[in-house]
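# What shape does this take:
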Amino acid sequence: MLVFDEITIIISACVVVLAILGSLVNPFLRGINVSDGEEESEKGQDKPVVPLTVIITAHDNARELGKNLPSILGQDYPNFQVIVVAEKGEEDTEELLKRFSRDPHLYVTYIPNSSRYMSRKKLAITLGVKAAKTEWIVLTEPSLQPQSDQWLRTMSRNCDDQHNLVMGFTQYDNETSDFRHFEHLRTAYYLLRRAQRGTAVCTNMPNIAFRKSEFLEQRGFLGNLQLVRGEYDFLINKYAREDESAVETDRRAWLIEQEPTNRSWTNRHIYFMASRKCLERYTSMRILKGIDHLLPHLSLLASIAACAFGGIKMNWIVLGAGVFSLLLLYILRMIISNNAIRKFDEDIPVMVQPFYEYSMLWHSITGILRYWRADKQDFTSHKL
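Numbers count the residues shown, from 1 in each chain. Below you'll find the model as predicted:
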């Protein structure tokens, strides 16, 4: 029956308002500035070319390095070097690097076998920085490939007196699942927006540029050497300064990452849980993420409860409000996320995007449980 009493009106109104709030509290709606390639190119034409050093740390990934190194060495840039820091004794990697030894841009160095009690990854980066002949360093991974031969040229236009740090964008390849594409981009919206609106916190994209002089003056990774991973997060967190971090989202500066294995995907999340407690300014972002999860789930539960209550009591007004709220939540979140995703050329089916958003909370809880069960000694280098 249609009952227009006070309780019916209040319940219906609250459910609809919660649906609206649950849709608008959304990282995709806050948005980030995306570079206009043509406009930015015109602005950067008069800038002098800054010498750059690309550092790549290799460890048991000769196949990925062999696939992606040619496109890095083949960048359309007049003054750059590529330093590959490898583990001594990795025969596949050593044989691969010998094939590229005649390239004038390439320089190879190795981690000493005697090095112990510190992160091998951070040691490799430090050795690469010390070997660099340029002020500006670009750091990335063997599993990433430039989308364009203009990668370095596009990144370099931010390497000026106004900036001390540049954050680039990365994207997973087409073989990677839609959910991982979605999660990666949703996280990027938090991190890139913070970098554009204030002081950068960390990054989920191994495509960054920083100053050698600052790295050496502040003793590199000092302050987080006890942790095995988190090198990109710590570089951003330690060296970022307000309004001095550039975010380069031009497509020509994108790097494409090969599909991560399930193990590397899981480890990436677990290792971040170990390192995030050491990151300054991360607490406020964590609270914001919590609110972004809380309101949509609260709205979803309220809508389902309204449907159940209206059906049991045969109160069609409340039932209709519940159904309307569910549709409103789904449609609004679908439109908002799809508009944001299209800016980065992601081809994720629009109908499943709201389900991905809701499932992220449960994936996060699963990751936390895995971290709690893990041996905490796996996350430390035992240096301290």
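# which helices and strands sit right next to the lengthiest helix in the chain?
If each helix of the chain is counted by residues according to DSSP state H, the longest one is helix 282-313. Here helix 282-313 touches helix 6-24, helix 178-197, helix 316-342, helix 353-373, going by 3 or more CB pairs under 8 Å, 6 or more residues apart in numbering; DSSP states H and E. In short, each C-beta sits where N, CA and C put it, glycine included.
# So what's the gap between the longest one and the chain middle?
Right, the one you point to is helix 316-342. Distance of helix 316-342 from its chain centroid, counting by CA atoms, centre = their mean, to the nearest Å, is 27 Å.
# Next: the second one.
With CA atoms, centre = their mean as the basis, the distance from the averaged C-alpha position of helix 178-197 to the chain average is 6 Å.
# Contacts for that helix, please.
Counting by CB atoms under 8 Å, 6 or more residues apart in numbering, helix 178-197 makes contact with 27-28, 30-33, 167, 169, 171-172, 200-205, 236, 240, 245, 247, 249, 260, 265, 285, 288-289, 337, 340-341, 344, 346, 348-349, 352-353, 356-357, 359-360, 363, all of which sit outside it.
# how does it look with 6 Å?
27, 30, 32-33, 167, 172, 201, 203-204, 245, 247, 346, 348, 356 (CB atoms under 6 Å, 6 or more residues apart in numbering).
# how about these in TSV, adding neighbour count?
Output for the contacts of helix 178-197, formatted as TSV (neighbours: other CB atoms under 10 Å):
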residue	neighbour count
P27	21
R30	14
I32	22
N33	11
M167	27
Y172	19
V201	22
T203	25
N204	18
S245	24
V247	23
E346	17
I348	18
Y356	20
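# Keep only those of those that are in helices.
27, 30, 356.
# circling back: any chance of the helices and strands packed on helix 282-313 in CSV, with mean pLDDT and distance to A62 too?
Shown next, in CSV, are the helices and strands packed on helix 282-313 (pLDDT from 0 to 100; distance: least, CB to CB, whole Å):
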stretch, mean pLDDT, distance to A62
helix 6-24, 93, 47
helix 178-197, 95, 24
helix 316-342, 95, 34
helix 353-373, 94, 29
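# Make JSON lines from those and add distance to Q162 to it.
Shown next, in JSON lines, are the helices and strands packed on helix 282-313 (distance: least, CB to CB, whole Å):
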{"stretch": "helix 6-24", "distance to Q162": "34"}
{"stretch": "helix 178-197", "distance to Q162": "14"}
{"stretch": "helix 316-342", "distance to Q162": "28"}
{"stretch": "helix 353-373", "distance to Q162": "35"}
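# Select, out of these, the one closest to R229.
Closest approach to R229 among those (CB to CB): helix 353-373, 13.0 Å.
# Next, the angle helix 282-313 makes with that closest one.
If you take axes from the mean of the first three to the mean of the last three CA atoms, to 10 degrees, helix 353-373 sits at 120 degrees to helix 282-313.
# Now helix 353-373 - C-alpha only, CSV.
C-alpha atoms of helix 353-373 as CSV (Å, rounded to 0.1, in the frame of the first residue of the first chain):
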residue,chain,number,x,y,z
GLN,A,353,33.1,-0.6,-13.0
PRO,A,354,30.8,0.0,-10.0
PHE,A,355,31.3,-3.6,-9.0
TYR,A,356,35.1,-3.2,-9.2
GLU,A,357,34.8,-0.1,-6.9
TYR,A,358,32.9,-2.0,-4.3
SER,A,359,35.1,-5.1,-4.5
MET,A,360,38.2,-3.0,-3.8
LEU,A,361,37.4,-2.8,-0.1
TRP,A,362,37.3,-6.6,0.1
HIS,A,363,40.5,-7.0,-1.8
SER,A,364,42.1,-4.6,0.6
ILE,A,365,40.9,-6.5,3.6
THR,A,366,42.2,-9.7,2.0
GLY,A,367,45.6,-8.0,1.6
ILE,A,368,45.6,-6.9,5.2
LEU,A,369,45.0,-10.5,6.4
ARG,A,370,47.8,-11.7,4.3
TYR,A,371,50.1,-9.1,5.7
TRP,A,372,49.1,-10.1,9.3
ARG,A,373,49.9,-13.7,8.5
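# And it, what's buried?
By neighbour count with 16 or more other CB atoms under 10 Å, helix 353-373 contains the buried residues 353-354, 356-357, 360-361, 367, 371.
# how about a markdown table for those, with distance to I56 added?
Shown next, in a markdown table, are the buried residues of helix 353-373 (distance: CB to CB, whole Å):
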| residue | distance to I56 |
| --- | --- |
| Q353 | 34 |
| P354 | 38 |
| Y356 | 32 |
| E357 | 34 |
| M360 | 31 |
| L361 | 35 |
| G367 | 28 |
| Y371 | 29 |
